[in-house]
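Peer 1: Quick one, fold the following:
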Amino acid sequence: MSAGPSPRLYFLRHGETDWNAEGRLQGRQDIPLNAKGRAQAVRAGRTLKKLLASSGAPPDQIAFQCSPLDRTRETLEIARLELGLPRAGGAFDERLIEFTFGRWEGLTWPEVCARDPDLARARETDKWNFTPPGGESYAQLAERLEPWLAEQERPSVVISHGGVARALMAMIGGLSEARAPTADIWQGRVLVFSRDRFNWI
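Peer 2: Reported below is the predicted structural model:
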């Protein structure tokens, strides 16, 4: 799957939340960063500062785009401070919000398997196309991201979620739709999309 050429994107997944630490499906739930998550945002901001300096891109001349959830907003603010920028800044875009797990949100995967074993097995068979009950599939998430991606004309910092990162790995990173949903997504690091590939820094 490819959405065509895209400018360089510096992608930051939000820092850790208590639900991340507990292995709970977070989706659209507005869970704040924990102390470790704030430290990860600091680390990502420092890495981003080095990357922008090495590419000759002044931080005050690069676009910042962010999911509107609190955990991404706080990650954005912390990263901007590390770049020497005002805390407030950047565009909040609903299209960058995490996909929803529907009625599974708040559950751990073992709890999902106990509650909906047939659906859990179906998701393991085809994670890209499977839609959780009341939720959204990776395929649907990619459709939501397509118009946003088509609007990208210059290098940007994007602060969003694990599901969005995986969708972009398939759309512009060269990863297959079969592999993207199981790709590792790190907190506290920077994911750089450039020239139909991606690299974790």
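
Peer 1: any idea of the pLDDT on the most centrally placed residue in the chain?
Peer 2: Centroid-nearest residue in the chain: His161, 2.5 Å away (criterion: Cα atoms, centre = their mean). With respect to pLDDT, His161 scores 98.

Peer 1: Surely it and His14 touch.
Peer 2: Yes. Contact between His161 and His14 holds when scored by Cβ atoms under 8 Å: they sit 6.5 Å apart. The way it works is simple: take the backbone N, C-alpha and C, and place the C-beta from them, glycine included.

Peer 1: hang on, the earlier thing: contact partners for the residue nearest to the centre of the chain?
Peer 2: Contact analysis of His161 by Cβ atoms under 8 Å, 6 or more residues apart in numbering lists Arg13, His14, Ser67, Leu69, Thr72, Leu96, Ile97, Glu98, Phe99.

Peer 1: coming back round to it: overlap in contacts of His161 and His14?
Peer 2: Joint contacts of His161 and His14 (Cβ under 8 Å, 6+ apart) are Ser67, Leu69, Thr72.

Peer 1: Secondary structure, pLDDT and neighbour count for the residues you listed - can I get that in CSV?
Peer 2: Shown next, in CSV, are those (DSSP: H, G, I helix; E, B strand; the rest coil; pLDDT from 0 to 100; neighbours: other Cβ atoms under 10 Å):
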residue, secondary structure, pLDDT, neighbour count
Ser67, coil, 98, 24
Leu69, coil, 98, 24
Thr72, helix, 98, 28
